[in-house]
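Trainee: below are the sequence and a predicted model; questions follow.
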Amino acid sequence: MTELTLGRPNLVFGLVGAAGTDLGAIKSQLKAQLASFEYKFVEIKLSQQIAGFCKIDTKKLPEDGRITALMDGGDKIRALAKNGDGVSYLAIAAIRTLRSTLETKAAQSPAGLAFVIDSLKNPEEIKTLRRVYGDNFYVISVYSKEPDREARLANKVATSCQSTVRQDHKDRAQNVIQQDLKRGNSGLTQNVENTFPKADFFVSVGEGSSDQIKRFIELIFGEPFITPTLPEYAMSLARTAALRSCDLSRQVGAAIVNDDGAILSTGCNDVPYPGGGMFFEGRQGNDNRDHVIKSDPNFSEISDVFSEIVEAFRGAQLFDDDVEKLDDTEIVRRLLHGEWREHMVDASAESDRVRARRSCRNARPE
C-alpha cells in the first residue's frame, strides 16, 4: 500500500553500496540537487537503527568488528522477521517518526521531504519499500572498485586500532568485503551481491558522479529535454529483444550498436526458426520452443550433470547412511528443488569467488 501525504509528495531513496564504498560524496550531491527542487534531505542510517534495536555497543570495537557486529544484528532481525526484508521495517518506522515531526515543523513551508536510507543490504528490503512507497521510492546503487574499497576499509581498521596500515588490516578489510557481498543462501542474511542489480540508477564514485546525480534528479522531477544516452538506448533495445524469448530458464536479450547509435543487430536466447530468423506469434511452421514442447533442455542438461556427480560420489562411498539409502533421482531432486537446494544456489559463482580470492592472495607481494 502506498503512503499518501498532503502537499508535495515525500520521496524515499535507498542507497546500495558494497562495504568500503564512500557514500558520503553521493549523499552530498543528492542533498544539493534535491535542495534545488526545494526538498529537504533527511538521512536514515540503518546501521544506527540496527544498533539501537539490537542494543549493540560499537564504540570500543575496531572498524571491522563494528561492521561485523552490525551485520550480525541485521541478520538476527531478518531471522526474527523470517524474511530478508526485516531491516526495512526499521527504516519505515524511522521515516514515519521523522516525517510526523518534520511535517509539523514545516507546516508553513513549501519544501518537500526526501528520506535517504543508508544503506540497503538485501533484495527483499527493496521489494518491501517499493510496496510501501510505490513510485516515490528510488534505489541508487553506488559502484566503487574493490581495491579502492579495500584500501579505504583497511585504513579505517588501522585507525580504529591506532596503528599504521599493515597486511593484517588489509586481510581484515577483505574479510568484511566478502561477508558483505553475501553471507549465505538462506535469503535471511546480508546479500549486497543480489541487492546491487535491483537499482533504478547506477552511479560510480569519483569524477562525473555529480553530473550523473544531477541528471537523475532532473529526470525524477520531469525535465522534458533529457534524452537517453547511447548505452541506455542500447540497453532498452536489449531488454526489448529479451521479451521475444520464451526460454524456460531465463530470457536474455542483446543489442549491438555502433558509435553513432545505429543498430547492427539484436538477438535473444530462443529456438531459431527453420531457414533463419526467430519465431514470432502467428508465424507458421514447427514451433519447437520450450513452452510448446514442455521441456527445458538447459534444465535437463543440469539434471544429467548432477546425476553423474551423484553417481561418482556414491561410487566413492562419500554418502552417509541417510543419503546412501536414497536413489540417485531423489538426491538430484532434493538438490535442485528440495530441502538441499540452498546449498546449490550460486555454487558456480561461489567457486569463482574462491578462485579469485586465492589468485589475489597469490599475487600479493610478501
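Mentor: Cool, the structure landed. Numbering: from 1, shown residues only.
Trainee: give the residue spans of the stretch 251-366 of the chain that score low on pLDDT.
Mentor: Confidence mapping of the stretch 251-366 of the chain against pLDDT under 70 gives the ranges 345-366.
Trainee: do you have the helices of it handy? List them.
Mentor: For the stretch 251-366 of the chain, helices defined by DSSP state H, counting those that start in this stretch occupy the ranges 290-293, 297-315, 321-324, 328-336, 347-363.
Trainee: what's the fourth one packed up against?
Mentor: Under the contact criterion of 3 or more Cβ pairs under 8 Å, 6 or more residues apart in numbering; DSSP states H and E, helix 328-336 touches helix 297-315. (C-beta placed from N, C-alpha, C; glycine too.)
Trainee: now do the helix it packs on: everything it contacts.
Mentor: Residues external to helix 297-315 that are found in contact with it (Cβ atoms under 8 Å, 6 or more residues apart in numbering): 247-249, 290, 319, 324, 328-329, 331-332, 335-336.
Trainee: looking at these, which one is closest to Gly276?
Mentor: Using Cβ to Cβ, the shortest approach to Gly276 within those belongs to Asp247, at 19.1 Å.
Trainee: from Leu153, how far out is the one residue sitting closest to the centre of the chain?
Mentor: Nearest to the mean C-alpha position of the chain, counting by Cα atoms, centre = their mean, stands Thr195 at 1.6 Å. As for Thr195, its distance to Leu153 is 19 Å (criterion: Cβ to Cβ, to the nearest Å).
Trainee: okay if I get the contacts of helix 297-315 as TSV plus distance to Thr21 and neighbour count?
Mentor: What follows is the contacts of helix 297-315, written out as TSV (distance: Cβ to Cβ, whole Å; neighbours: other Cβ atoms under 10 Å):
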residue	distance to Thr21	neighbour count
Asp247	34	18
Leu248	36	15
Ser249	32	13
Asp290	40	18
Phe319	43	14
Glu324	47	12
Asp328	45	15
Thr329	45	11
Ile331	41	22
Val332	40	21
Leu335	35	18
Leu336	35	14
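Trainee: taking those residues, tell me the two that lie furthest apart.
Mentor: The distance between the two most remote of the contacts of helix 297-315 (Cβ to Cβ) is 36.2 Å, for Asp247 and Glu324.
Trainee: mind checking which helix or strand the residue nearest to the centre of the chain is in?
Mentor: Counting by DSSP states H and E, the element that carries Thr195 is helix 192-195.
Trainee: just after that helix, pick out the following helix or strand.
Mentor: Heading C-terminal from helix 192-195, the first helix or strand you meet, by DSSP H and E, is strand 201-204.
Trainee: secondary structure class of the residue lying closest to Asp75 once chain neighbours are set aside, three-state.
Mentor: Beyond its immediate neighbours in the sequence, the residue positioned closest to Asp75 (Cβ to Cβ, 6 or more residues apart in numbering) is Thr189, lying 5.0 Å away. Reducing the assignment to helix, strand or coil with DSSP: H, G, I helix; E, B strand; the rest coil, the entry for Thr189 is coil.
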